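In: coords please:
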Amino acid sequence: MKTGVYLCSCGSSLTERIDFERTAAELGRIPDVYVKSAEFLCAEDGKQWLEADLTAERPDRVVVAACSPREYEPAFRGVLERAGINPYFLQMANIREQVAWVTPDVDEATAKAAAQVRGAIARVGEHRPLEKIQVEASADAVVIGAGPAGLKCALALAEGGRKVVLVEQSPALGGLPARFEDVFPNLECSPCMLEPLLGEVLHGPHSGNIEILTLAEVVAVAGYYGNFAVSIRVAARHLDVEKCIGCGECIPPCPVGWPNEFDYGLSERKAIALPFLGALPNVPFLDEGRCLRWNGEDCTLCRDACPVEDTLRFDEAPRLEQRKAGAIVVAIGASLYDCGGMPELGWGVIPGVYNSLEFERLLASNGPGGGELRGPAGGPPSSVAIVHCVGSLDEQRQPYCSAVCCRYALKFDRLIEKKLPGAHVHHFYRQLVVPGKEGAALLAAGQENPRAGFTRYDRGSGLRVARAGETAAVEFTDAFGEAQSVGADLVVLCPAVTGPEDGARLGRILDAPSDRFGFFEELHGIMDAVQSTTRGIYLAGACQGPMDIQQSAARGMAAAGHILSGLAPGRKLDVEPITASVDESRCSLCRTCGLVCPYHAIWYPAEAASARVNAVLCHGCGTCVAACPAGAIVGNHFTNEQILAELEAVLQ
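Out: Modelled structure (predicted):
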């Protein structure tokens, strides 16, 4: 077996530490090995020279002794391929970072380089021909969640010519910001900000590429990157979305009243209702759990009031939709820490104590009070206490900072001043965190307000909210050990942002795990922040961790970019052959491999007598190879024979 060894001096920088002549002489004594040197093999001239030399010499195996294979191995594999040699008959020896840069003594460096290359020669002799495979792939996507992240992602994909199924669990699009009055940092009208985006998704030139399924949830996923089969359960809306004109005439006659979950129970809705004023699509939904027809009565008042015939459909049933997709994007948002877990703060017990989402709805002009703030006694409040860091920065609850809370609390400060001129606002905080180029201005505006106060508290302060007649009082111990009390007509609690409520269920369906905080786990939190650990499942927005609207929208666009670049109509997926494979004759189906695989690449078809590896999902990490008690799994290109041959040669 003829082996060609090519030493790269990296422009003489390596020959200052490594004696190439001595190295070549030692390696040349190995049977059927020839050694040649070059200055810059990675340069275009160097690659052309290498290709020509390989074509002339026709070696069976090739060793390139140069810099990091992580950086240049794909390029040198391409050279071998163009020279008519299987690209996996290449082995690289890193004599730059691992030898020349860390070994100052020339004799030691030369001996070390020779040993590394000797090991590479022995290893490459055990290489087997591998070929990339190609699989058909869908270029379309399913986006779960129609908040800012999901909407931006869906629209970007649609503009790129992809078909998108947008799955939203609620009856309306826009996520939480659709229910806000203004957003930080510049108090921009939230519905106005969303309207152009929603208009594009619903009626824009690319809206034909977006299928919107509201009142829907993903219930099953099968397949892999490029070839997912997604099952979506769609609840009955009981209104024909195409016929309904959104007049709302069906709503007033309904005799059923129920706390409106879209206003967090602060208002009442009917069994047939719009979630909130301005919700899109502008079509009511009928709640079977509240409607008298599903409770034994033959009520038709809503249908009788509808001016468009056959719009109400009592006989509509839930349906299960099946969709094919190449990728899935999770953009389901986050939740808030349950303030009921801190009873000392009086939430749900003391009148006038609200969490931040409840207060957002009280401030909103389309909210339960039309945007007019009222205290428990009915009059306009003269003082508001805002308690930051509820459940945050607490090892017993949520140890992290959510970062958005301080900014929306300072937004509340401005909105209270606008709606209640002269009202006093008192902030209680553990840390003030206002990132971003506009954050400092937002904080400065709050601190310069003569009617705003700021008090820092810690765990030892014993901060609590108590009744004080018809109002409330925030009681705490100050830094000097003195008991203090600040009265307030309203108290707003700013809880930690926590993982999505539906995250655990959806994570099991998608094989997309959660991190230790309950958010979806990224492949790499910095470099691959919108990819999950399962290939083809992408993450966008607050389901990954606390983030604001701007960050969420950007993550949605990033996820779309991954899909647009990785999946294209008519393009097949190239699958790297450096994966695990199963020796069926030795596999006992103990399933140990599936338990340890971090990429969910191993499956057990009912008709097969052994485990199978999905090459599209496999990253070739070798975890299953090490774990298999029968030695039935082989890591292609990293077999035991190859690794042992390299070790033995290095140690000669």
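In: so Gln551 is in which element?
Out: Assigning secondary structure by DSSP states H and E places Gln551 in helix 549-566.
In: partner strands of the next helix-or-strand element following that helix and their direction?
Out: In the C-terminal direction, the helix or strand that comes right after helix 549-566 (DSSP H and E) is strand 573-575. Next to strand 573-575 in the sheet, as set by DSSP bridges, lie strand 133-135 (antiparallel).
In: okay, domains of the chain per the record?
Out: Listed domain ranges for the chain are 3-124, 133-235+318-334+500-570, 237-313, 338-498, 576-636 (source: automatic domain parsing).
In: highest mean neighbour count out of those domains?
Out: Comparing the domains of the chain on average neighbours per residue, with mean count of other C-beta atoms under 10 Å, the densest one is domain 133-235+318-334+500-570 at a mean of 20. Any C-beta I mention is one placed from the backbone N, CA and C, and that applies to glycine too.
In: which residues are contacting the helix holding Gln551?
Out: Contact partners of helix 549-566, identified using C-beta atoms under 8 Å, 6 or more residues apart in numbering, comprise 139, 141, 147-153, 156-157, 160, 162, 177, 183, 326-327, 329, 331, 529-531, 538-542, 544, 547.
In: quick revisit: could you dump the domains of the chain into a markdown table and include distance to Gln652 and mean pLDDT?
Out: Shown next, in a markdown table, are the domains of the chain (distance: least, C-beta to C-beta, whole Å; pLDDT from 0 to 100):
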| stretch | distance to Gln652 | mean pLDDT |
| --- | --- | --- |
| domain 3-124 | 7 | 95 |
| domain 133-235+318-334+500-570 | 37 | 95 |
| domain 237-313 | 73 | 94 |
| domain 338-498 | 52 | 93 |
| domain 576-636 | 25 | 92 |
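In: out of those domains, which is closest to Ala649?
Out: Checking those against Ala649 by C-beta to C-beta gives domain 3-124 as the closest, at 3.5 Å.
In: skip the chain neighbours and tell me the closest residue to Asn209.
Out: When the adjacent residues along the chain are set aside, Asn209 lies closest to Ala158, with 3.8 Å between them (C-beta to C-beta, 6 or more residues apart in numbering).
In: equivalent analysis for Gly518, please.
Out: The spatially closest residue to Gly518, leaving aside those adjacent along the chain, is Gly499, at 2.8 Å (C-beta to C-beta, 6+ apart).
In: for Ala472, see how far away that neighbour is.
Out: 30 Å (C-beta to C-beta, to the nearest Å).
In: and the helices in the stretch 201-350 of the chain?
Out: All helices of the stretch 201-350 of the chain, identified by DSSP state H, counting those that start in this stretch, fall at 301-305.
In: now the strands for it?
Out: For the stretch 201-350 of the chain, the strands defined by DSSP state E, counting those that start in this stretch occupy 210-213, 216-224, 227-234, 257-259, 268-270, 272-273, 285-286, 319-325, 327-330, 335-336.
In: with only the CA atoms kept, save the longest one in CSV.
Out: Once non-C-alpha atoms are left out, strand 216-224 reads as follows in CSV (Å, rounded to 0.1, in the frame of the first residue of the first chain):
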residue,chain,number,x,y,z
ALA,A,216,-53.9,24.2,17.2
GLU,A,217,-51.1,22.2,18.8
VAL,A,218,-48.5,19.8,17.5
VAL,A,219,-49.3,16.4,19.0
ALA,A,220,-46.7,14.1,17.2
VAL,A,221,-43.6,14.3,15.1
ALA,A,222,-41.9,11.5,13.2
GLY,A,223,-38.9,11.5,10.9
TYR,A,224,-35.8,13.6,10.8
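In: inside helices: which ones of the contacts of helix 549-566?
Out: With helices taken from DSSP state H, the overlap with these comprises Pro148, Ala149, Gly150, Leu151, Lys152, Cys153, Ala156, Leu157.
In: so which of those residues is the closest to Gly341?
Out: Within these, distances to Gly341 taken as C-beta to C-beta reach their minimum at Ala149, with 27.2 Å.
In: so who does the closest one touch?
Out: Ala149 makes contact with Ala331, Gly333, Ala540, Gly541, Ala542, Ser552, Ala553, Arg555, Gly556, Ala559, according to C-beta under 8 Å, 6+ apart.
In: mind redoing it with 7 Å?
Out: Under the criterion of C-beta atoms under 7 Å, 6 or more residues apart in numbering, the neighbours of Ala149 are Ala331, Ala540, Gly541, Ser552, Ala553, Arg555, Gly556.
In: perfect, that will be all.
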